Structures are given as C-alpha cells and as structure tokens.
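Asker: Could you work out the structure for the sequence below:
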Amino acid sequence: MLDKERGLYIAHCAEGALSITGKMANRHGLIAGATGTGKTVTLQVMAETFCQAGVPCFMADMKGDLSGISQVGKMSGFIEKRLPEFGIGNPEFQACPVRFYDVFGEQGHPMRATVSQMGPQLLSRLLQLNETQDGVLNIVFRIADERGLLILDLKDLRSMLDYVAQHAKEYTTQYGNISSATVGAIQRALLQLETQGADKFFGEPSFDIYDLLQTEGGKGVMSVLAADKLMMQPKLYSTFLLWLLSELYSTLPEVGDLPLPKLVFFFDEAHMLFDGTSKALLDKIEQVIRLIRSKGVGIYFITQSPTDIPEVILGQLGNRVQHALRAYTPKDQKAVKTAADTFRANPAFKTDEAIMNLETGEALVSLLDEKGAPSIVQRAKILFPLSQIGAVTEGQRLDIIKQSCIYGKYDTPIDRESAYEMLVKETELAKASQDSEEVEAPETSAKKKKPGIVSKVMKAVMTAVTSTLAALLGSYVSEKVSGKKSKSRTSARERVVKNATSAATRTITKELTRDILGNLVK
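Answerer: Below you'll find the predicted structure:
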C-alpha cells in the first residue's frame with residue numbers, strides 16, 4: 001500500500017509501519033515460508049504497492065490466484081477486523097492494470113524467444129545435456145554463426161544438427177570430434193521437448209523486453225504469466241524466467257540507484273532455478289543478480305526455505321519476509337536455524353522460535369534502511385491486498401487480453417527464411433547438380449565406347465598404310481643384308497602392296513557392314 005508518510009507500506013508491527021525504502025527496492029528480496037502460510041498474499045501486497053508507486057512488475061501465477069490483482073477488492077469480515085491494527089480507516093480498494101501472458105498462448109499473450117536468443121548454455125540446461133553433448137551443441141551454434149544461418153525455432157536447430165552430423169569430418173580438425181551418437185542424443189532430447197509443447201515457445205515474433213516496463217495512468221503495469229501448465233515442466237519454467245532475466249540484463253542501460261526501480265521481478269518457486277544447475281551457469285546467475293540492480297531491476301525470490309537459495313545469492317537479498325516454517329524432523333529444525341541466522345537478531349524474541357510459531361499472515365520482516373543496512377527483524381502482520389484475492393473468471397481474463405494495447409502483436413507466428421529453409425535449398429541444388437552429372441555421364445561413356453564410322457575407316461586405312469610400309473621396309477632390309485638384288489623385286493613388292501591393300505579393304509568393308517547392320521537393328 002502506497003502511503004505518503006509510510007512509503008511502500010507492506011506490514012505493521014508493534015513498533016509501527018514497515019515499509020520498503022524506494023531506492024533500496026532494487027537490492028532484491030526474499031519471501032519464504034511453508035505452503036499455506038501466506039506467501040502468495042504477501043507477493044500480491046508487495047506487487048500492488050509497487051504498482052501504485054508507478055513501478056511495473058512481472059510475476060508468475062502458479063495457481064491462477066494472482067490474476068485477481070486485475071480486479072477491485074472488497075471488504076470482508078477478516079479485513080474489517082484487521083483495520084484498527086494497521087491504523088487504516090476506510091481502505092480505497094482498487095485494481096491494477098494487468099497484462100496476461102502465457103508461453104503456450106492459451107491464457108494470455110504468447111511469449112516467444114528464438115533459439116539463438118536462448119543460446120547454447122541455457123538450451124543445454126533445458127535439454128539436460130551432459131558435458132560432451134553440450135560441447136557439440138556449442139559447435140553447432142558456432143558453425144551456424146560462421147555460415148550466417150539463423151536458428152530461430154526447433155526445426156532450424158534440427159536441420160543444423162543434421163547438417164553438422166553429415167559434414168562432421170570437415171569440422172573435426174577445427175572443432176574436435178562430432179559423433180553421430182552425440183548428435184542423435186541431442187535430437188532425442190529435442191523431440192521430448194517438442195512433445196511437451198515447448199516448440200510453441202521458440203520462434204518469432206520474439207518477446208520485446210520493453211513491454212514489461214510499461215505504465216498506465218501513473219500505475220505500473222502488472223505482467224502476470226500463467227504458469228499452472230508451465231509448472232508441469234520445471235526446467236522449461238525456470239530456464240524461461242532465467243532467459244527473461246538475462247535479456248533484461250543485456251538489454252537495459254545502466255542507471256545506478258534510482259528513487260524507485262524500473263521493474264520488480266518476482267521469481268516464484270525459486271528453488272527450481274538452482275536444481276541441477278551446473279557451476280558455470282550458477283556463476284552466470286550470480287553475476288546477473290549481482291549486476292542487474294544497476295539496470296534498475298529488483299528481483300524477489302519466493303520459495304519455502306532460505307536454504308533453497310545458494311548462499312552466494314542469498315547474501316544479496318536484503319529485503320526479507322519470512323513466514324512460518326514447520327520443524328518436525330532434524331532436517332526441518334536445521335532449516336529453521338539457518339533461516340533464523342540470516343536475520344539481524346531482535347533481543348525481544350528468539351528468531352528460530354518465532355519462525356515456528358507464526359500465524360497465517362504473520363511474518364518476520366527485515367528491510368534495508370536508507371544506508372542499505374538490514375533492519376532488526378520484526379514480528380509483523382502483512383497488509384491485506386486492495387485488489388481481489390483469488391482467480392478471475394475466463395470471461396474477465398479474455399476481456400483484459402482483448403483490451404490490451406499489445407493485443408495481436410505476438411498472436412500470429414512468423415516463419416521467415418532461416419537455417420531450415422536455407423539448408424533445404426542447398427540440399428535441393430546439390431541433388432539437382434548430381435542428377436545432371438548422372439545424365440551426362442552415360443552419354444559421354446557411350447561416345448567413347450562407340451566411335452563414329454569415319455573414325456573407324458580412318459583407323460583401317462592407317463592400319464593398311466602402316467602394314468604396307470612395314471612390308472616394303474622388310475623386303476628392302478632383306479635385300480641389303482643378302483647383298484643380292486632380286487630379279488623379281490618389283491613383282492614381289494607389288495604383291496606386298498596388293499596384299500596389304502586387300503587386307504585394308506576387307507577391314508573397311510567389315511566395319512561399314514557392322515555399322516549399317518547395327519543401325520538397321522536399332
């Protein structure tokens with residue numbers, strides 16, 4: 001709740017109002033607690049408080065409950081009973097401007113990214129590839145870049161994998177071994193991803209990050225992602241949100257510490273982000289979270305226990321709201337102790353005991369002060385939302401979608417020329433060229449095997465002349481060697497010429513007869 005005196009007012013304790021300091025809102029935060037302790041309502045209260053201050057927010061709606069932020073709230077007995085505790089007279093119930101999104105395009109505007117935008121590192125996590133497969137995927141992206149081939153959707157990536165497998169020998173010396181078995185494993189992982197419907201996420205038009213940074217009537221627009229179906233695929237859910245954060249980090253300019261953040265990003269079920277994450281990717285996540293605050297973005301993780309968050313990241317979450325935790329086992333007790341140790345102690349109570357005794361709607365709250373130091377933890381009650389608690393109807397959702405200023409911007413997929421189309425063209429051209437060579441080859445071979453009649457006659461004549469000259473030369477040499485001049489020299493030579501000529505005539509006649517008879521048979 002935005003209050004002129006209290007600022008970003010979210011909770012009330014014995015000491016008074018607890019408010020988030022505007023210029024410290026981009027220092028990130030944590031909302032933790034067991035199921036059913038009030039985390040979703042806390043998220044809604046914080047989001048609408050930012051909304052009233054003109055700060056847009058992005059949040060994932062796991063069960064549809066957060067869609068109610070688009071409707072005006074109403075008085076209830078529970079709220080009426082709590083009003084004196086907060087020092088509030090007549091609350092002004094109000095709705096927030098909302099845009100609904102859905103990766104699958106069913107309950108909101110579609111949200112897409114190209115495969116190239118996702119990049120090999122995030123895609124490898126999504127496909128759950130091992131180190132060898134991850135290396136081959138990186139090679140595929142590198143070759144696509146060198147050849148100027150766009151990888152926009154999954155069929156582009158399939159085509160590139162097939163191309164690299166067929167030309168593996170050409171790239172082995174430059175990039176290393178590329179086995180068909182590894183490529184096949186990646187193809188199977190892609191098939192599984194398509195079966196889950198993730199192919200709807202990859203393609204164009206890709207989502208414009210600046211659509212998350214909008215205001216209407218001085219209020220920040222609440223971007224609500226329908227995640228009930230997306231949650232069935234934890235890797236896709238967490239990888240998609242990580243991609244959004246990466247896009248915000250790489251796209252937005254540096255702005256430093258502003259009086260209020262440009263965007264607040266609520267990451268629900270945050271433990272999914274870190275499950276099965278490689279050391280390299282975890283380092284990247286840490287870097288994004290550490291540096292994105294200078295882009296004017298605050299990230300608030302929502303999970304059951306602080307132990308779900310790696311310590312290197314937990315240490316960067318300054319604004320904390322801890323709902324109740326249950327401690328039935330030694331492991332649970334250890335989690336409670338760890339959660340308690342993350343707070344600046346309050347001498348008025350024991351933090352670990354308080355965590356186990358909190359009621360629904362109560363929480364331990366510690367927020368950053370003007371200097372960025374965490375305040376002493378307070379046991380407080382979270383404010384009630386001014387918007388509707390609970391889901392909207394399908395009709396209300398559809399009306400909001402159709403009235404949105406971005407309605408139609410992402411609804412129609414675009415399939416422009418990319419790697420798939422270009423590689424298909426290359427294959428067709430290569431096949432046409434091969435077919436042409438195969439047609440020309442038999443004709444050339446036939447010409448070589450069957451010389452023309454003129455060639456045959458000339459060959460026969462040359463053979464006859466050669467034979468005649470050889471016979472005459474032999475007769476001449478014989479006379480010289482014997483030293484005797486034959487009386488019948490002339491007649492002998494005439495006989496030699498006559499015999500050679502007769503042989504040539506017979507050869508020519510035979511070849512002519514063969515050709516004539518052959519043509520008649522054809």
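
Asker: Helices along the stretch 1-150 of the chain, start to end?
Answerer: 39-52, 77-86, 115-127, 131-147 (DSSP state H, counting those that start in this stretch).

Asker: between these, which one is nearest to L245?
Answerer: helix 115-127 (10.6 Å; C-beta to C-beta). C-beta coordinates here come from the backbone N, C-alpha and C atoms, glycine included.

Asker: can you state the direction angle for that closest one and helix 131-147?
Answerer: 170 degrees (axes from the mean of the first three to the mean of the last three C-alpha atoms, to 10 degrees).

Asker: Is it possible to get JSON lines of the helices of the stretch 1-150 of the chain that adds mean neighbour count, mean pLDDT and distance to T342?
Answerer: As requested, the helices of the stretch 1-150 of the chain are arranged in JSON lines below (neighbours: other C-beta atoms under 10 Å; pLDDT from 0 to 100; distance: least, C-beta to C-beta, whole Å):
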{"stretch": "helix 39-52", "mean neighbour count": "24", "mean pLDDT": "95", "distance to T342": "16"}
{"stretch": "helix 77-86", "mean neighbour count": "12", "mean pLDDT": "84", "distance to T342": "26"}
{"stretch": "helix 115-127", "mean neighbour count": "21", "mean pLDDT": "93", "distance to T342": "27"}
{"stretch": "helix 131-147", "mean neighbour count": "17", "mean pLDDT": "94", "distance to T342": "34"}
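
Asker: mind checking which of the ones you listed is nearest Y328?
Answerer: Per C-beta to C-beta, nearest to Y328 of those: helix 39-52, 19.5 Å.

Asker: who does the closest one touch, helix- and strand-wise?
Answerer: When contacts are defined as 3 or more C-beta pairs under 8 Å, 6 or more residues apart in numbering; DSSP states H and E, helix 39-52 packs onto strand 7-13, strand 29-32, strand 57-61, strand 219-220, strand 222-226, strand 263-268, strand 297-303, strand 378-382.

Asker: Between those strands, which one is closest to Q107.
Answerer: Going by C-beta to C-beta, the one of these nearest Q107 is strand 222-226, 3.9 Å.

Asker: Identify the neighbouring strands of that closest one in the sheet and state each direction.
Answerer: strand 57-61 (parallel), strand 98-102 (parallel) (DSSP bridges).

Asker: re earlier: got the helices and strands packed on helix 39-52 as CSV, with distance to S116 and mean pLDDT columns?
Answerer: Shown next, in CSV, are the helices and strands packed on helix 39-52 (distance: least, C-beta to C-beta, whole Å; pLDDT from 0 to 100):
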stretch, distance to S116, mean pLDDT
strand 7-13, 38, 89
strand 29-32, 33, 96
strand 57-61, 23, 95
strand 219-220, 31, 96
strand 222-226, 22, 96
strand 263-268, 23, 95
strand 297-303, 23, 96
strand 378-382, 42, 95
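
Asker: where does this structure have low pLDDT?
Answerer: Residue ranges of the chain with pLDDT under 70: 1-7, 437-522.

Asker: most packed of the strands paired with strand 222-226?
Answerer: Ranked by mean neighbour count, these are led by strand 57-61 with a mean of 25 (mean count of other C-beta atoms under 10 Å).

Asker: Run through who's touching that one.
Answerer: Under the contact criterion C-beta atoms under 8 Å, 6 or more residues apart in numbering, strand 57-61 has outside partners 43, 47, 50-51, 66-67, 212, 220, 222-228, 230, 237, 241, 244, 263-269.

Asker: picking that back up, which one of the helices and strands packed on helix 39-52 lies nearest to D275?
Answerer: strand 297-303 (11.3 Å).

Asker: Tell me the buried residues in that closest one?
Answerer: V297, G298, I299, Y300, F301, I302, T303 (16 or more other C-beta atoms under 10 Å).

Asker: so who does the residue most central in space within the chain touch?
Answerer: When the chain is reduced to its mean C-alpha position, the closest residue under C-alpha atoms, centre = their mean turns out to be M118, at 3.1 Å. Residues near M118 by C-beta under 8 Å, 6+ apart: L126, F202, T239, W243.

Asker: Surely the first one touches Y237?
Answerer: No. With contacts defined as C-beta atoms under 8 Å, L126 does not count as touching Y237, sitting 10.2 Å away.

Asker: Show me which of the contacts of strand 57-61 are buried.
Answerer: For the contacts of strand 57-61, buried by 16+ other C-beta under 10 Å: 43, 47, 50-51, 66-67, 212, 220, 222-227, 230, 237, 241, 244, 263-269.

Asker: Give the closest residue to G87 in space, chain neighbours not counted.
Answerer: H12 (7.5 Å; C-beta to C-beta, 6 or more residues apart in numbering).

Asker: and the one you found, how many neighbours?
Answerer: A total of 22 residues lie near H12 under the criterion other C-beta atoms under 10 Å.

Asker: List the beta-bridge partners for it.
Answerer: Beta-bridge partners, per DSSP bridges, of H12: A17, K381.

Asker: Who are the contact partners of it?
Answerer: Here H12 is in contact with L18, E85, F86, G87, A380, K381, L383 (C-beta under 8 Å, 6+ apart).
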